[in-house]
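**Student:** Coordinates for the following, if possible.
(2 chains)
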Amino acid sequence: MQNDLQIEWYKFRKQRLPLYSSLALVLLMIYSGLTSSDGRSLMLSSFGAIQWLPIILIAVGSSFLDMEYRYHTVIMLRYKSSNLFKSYLAKLVIVYFYGVGLVLLALLLTILLKGVFVGNQVRWFDLIADRGSILQITLVNLLGTLLYLLFIVTMSFMLILIVKINAAVIGISLAISFFGAGLSEALIKTFTDATTILRWNPLNMILVTQQLTNSQYVQISHLTNPEIIVGVFGYALLFLILGYQLFKKRPV
Amino acid sequence: MLKVSEVNTFVGKKKITSKINFEISLGEVVGLIGPNGAGKTTIMKTILGVMKFTGQIYLNHAVVTENNHQALSKVGALIEHPAIYPYLSGRENLALYAHDQEDCQQIISLLQMSAYIDKKCKGYSLGMKQKLGIAITLLNKPKLVILDEPLNGLDVEATIVVRKIIVKYANEGTTFLISSHILSELQKVMTRIILINHGEIVVDQKISDFNRQNRPQYQVQTDNNELTAQLLQTNQIQFQQVNDDLVVAQADLFAIQDLLYQQRQHFIKLAPIAISFEQLIINELNRQRGEKDAK
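**Tutor:** Got it, this is the predicted structure:
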């Protein structure tokens, strides 16, 4: 596994995409700082990073797997690998840890940009009723993003193996990210008798980031915090298994 | 070294190759030849365990399956396209798979890639990429090298270099399974031919046996072609009537001359028919088709 991780890390870091994606995150956070005057919202959302991060990671993740097919290197990956699952997992781990790196970058930038765009008009230790201090909520938001990224990365890997077109995967993932939670809410409201089953639908897991810092989301998701966390891990595991099966079976 | 036994390969439920059987020994250079869509690439991919198949594949007595690739650690393969990352340099691509830097450097020198090996591959020409793809297959002293259309995009000089390398490695004990449509080049290196058509092996012979069987022919005219044809028929010497000529095998010429002498006949035309290796293959495929149609 260590060897697989080393190789995948080498292939990953030598690309331009991770660097450009990190730069895009920085620019998008600055853009949020320039265009919004609501200092508190900016800090809570880490200058929009919690929305941008999943989008960036979808693009990076699906592209990182898709390139093996684009460059015809997948055959080497398939036949040279004594354990294909480890190779697939190594790719996922690298992309996820890149996501973790982006979350840390976002946290660092949030601290810096707060000084530039918000100043002292909002303080880190200001309290928001029933939710805790701004610092606490921001950190929990980023923690929720880390959980959500696990769901998103495994999903984008699985989707690229089904759809096979990187742009389509990004489009589908964006649609899921933006409209998935609303669709899930509408489903649960329409079929109230089936709430106990429908609350476990994968689109409902998208609410994890918001719910961890705002307990009112429980009424939308119909899942408690531990349940939604279990749901995120469960779906990540399911997407991992399905993705691996597709990877193994996709013709090369 | 490599044993393929009763292998049927499938894409979905469709059978692509049928009952493939062959064994290859150490140091053999086997040409896998056949028309487009015959199943050459499929057979190569099947040996690499990346296709759904039934039957058995053994490499050095170790089994290869779709899920067990342990036996493939000493196999190098170039299938359809060179497997390279364009954002890495040639050397970095090699380093991804190389266990030994010295071996890596030796292959770079052998393939004459030193001038550009440290440049990013996205700037490489088709031939340069192809050479790098071949270099990757030769890393880590492979026991078996599978090359699918290795001469794609190579210029004359590079073709000669690759040919020499194949001969060198084969002499050192590496086994090659090569498919190429450039038969004249393949003919120069292969020691055995496996001809495949419609997913089935139709010829599996040492190249010397294949050439002997498809022996050179002559166009012949005598004073009396009609009488000569009767003589050949009576003496069970095979011939074909083509326009005004009789086409006979070179090996039968002396026997024919004796017959003509006894009948006081003479050759008035004796012309060798130049048959290229390509034509031999086409003839063989046509012969196979004819046999199949007759059945």
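**Student:** Enumerate the residues of chain B near chain A.
**Tutor:** Within chain B, the positions adjacent to chain A are B:11, B:45, B:48-51, B:67, B:69-70, B:72-73, B:75, B:77, B:79-88, B:92, B:96-97, B:136 by C-beta under 8 Å from any C-beta of the partner chain. (Glycine included, C-beta is placed from N, CA and C.)
**Student:** For A:Leu142, which non-adjacent residue is closest in space?
**Tutor:** Using C-beta to C-beta, 6 or more residues apart in numbering or on different chains and skipping the chain neighbours, the partner closest in space to A:Leu142 is A:Val103 (5.4 Å).
**Student:** did I read that right, B:Gln221 in a helix?
**Tutor:** No. Per DSSP: H, G, I helix; E, B strand; the rest coil, B:Gln221 lies outside any helix segment and is strand.
**Student:** so who does the nearest residue to it once chain neighbours are set aside touch?
**Tutor:** Counting by C-beta to C-beta, 6+ apart, B:Gln221 lies nearest to B:Lys269, which is 3.7 Å off, once chain neighbours are set aside. Residues near B:Lys269 by C-beta atoms under 8 Å, 6 or more residues apart in numbering or on different chains: B:Gln219, B:Val220, B:Gln221, B:Asp245.
**Student:** What is the burial count for the second one?
**Tutor:** So the one you mean is B:Val220. Here the number of neighbours of B:Val220 (other C-beta atoms under 10 Å in any protein chain shown) works out to 22.
**Student:** go on, the last one?
**Tutor:** Using other C-beta under 10 Å as the criterion, B:Asp245 is surrounded by 17 other residues.
**Student:** Spatially nearest residue to it (excluding sequence neighbours)?
**Tutor:** Nearest to B:Asp245 is B:Gln219, by C-beta to C-beta, 6+ apart, at 4.3 Å.
**Student:** Tell me what the one you found is bridged to.
**Tutor:** B:Val247, B:Ala271 (DSSP bridges).
**Student:** Let me know the pLDDT of the closest residue in space to A:Ser173 that isn't next to it in sequence.
**Tutor:** Excluding the flanking residues, the one nearest A:Ser173 by C-beta to C-beta, 6+ apart is A:Ile58, at 4.1 Å. Listed pLDDT for A:Ile58 reads 91.
**Student:** can you tell me which residues contact A:Ile58?
**Tutor:** Shown in contact with A:Ile58 (C-beta under 8 Å, 6+ apart): A:Ile152, A:Ser156, A:Val169, A:Ile170, A:Ser173, A:Leu174, A:Ser177.
**Student:** For chain A, what's the nearest residue on the stretch 101-250 of chain B?
**Tutor:** Residue nearest to chain A within the stretch 101-250 of chain B: B:Ile136 (7.7 Å; C-beta to the nearest C-beta).
**Student:** State the number of residues packed around B:Asp204.
**Tutor:** Neighbours of B:Asp204 under the rule other C-beta under 10 Å: 15.
**Student:** which SS class is it?
**Tutor:** The three-state assignment at B:Asp204 reads strand, by three-state DSSP.
**Student:** which element is the nearest residue to B:Leu138 once chain neighbours are set aside on?
**Tutor:** Excluding its sequence neighbours, the residue lying closest to B:Leu138 (C-beta to C-beta, 6+ apart) is B:Ile107, at 5.1 Å. For B:Ile107, the element it lies in under DSSP states H and E is helix B:101-110.
**Student:** Now that helix: buried residues?
**Tutor:** Within helix B:101-110, the residues that count as buried by 16 or more other C-beta atoms under 10 Å in any protein chain shown are B:Cys104, B:Ile107, B:Ile108, B:Leu110.
**Student:** State the mean pLDDT of stretch A:203-213.
**Tutor:** 88.
**Student:** which residues sit against it?
**Tutor:** Stretch A:203-213 has contacts (C-beta under 8 Å, 6+ apart) with A:44, A:50, A:131, A:137, A:140-141, A:143-145, A:147-148, A:151, A:176-177, A:180-181, A:183-184, A:187-188, A:198, A:217-218, A:220-223, A:225, A:228-229, A:231-232, A:235.
**Student:** go on, stretch B:237-245?
**Tutor:** Here stretch B:237-245 has contacts from B:219-221, B:225, B:229, B:232, B:246-249, B:252, B:255-256, B:269, using C-beta under 8 Å, 6+ apart.
**Student:** For these, pick the one with the most neighbours.
**Tutor:** Within the contacts of stretch B:237-245, neighbour counts (other C-beta under 10 Å) peak at B:Ile256, which reaches 24 neighbours.
**Student:** for the helix or strand encompassing that residue, packing partners?
**Tutor:** In the assignment (DSSP H and E), B:Ile256 maps to helix B:253-262. Here helix B:253-262 touches strand B:217-222, helix B:225-234, strand B:267-273, going by 3 or more C-beta pairs under 8 Å, 6 or more residues apart in numbering or on different chains; DSSP states H and E.
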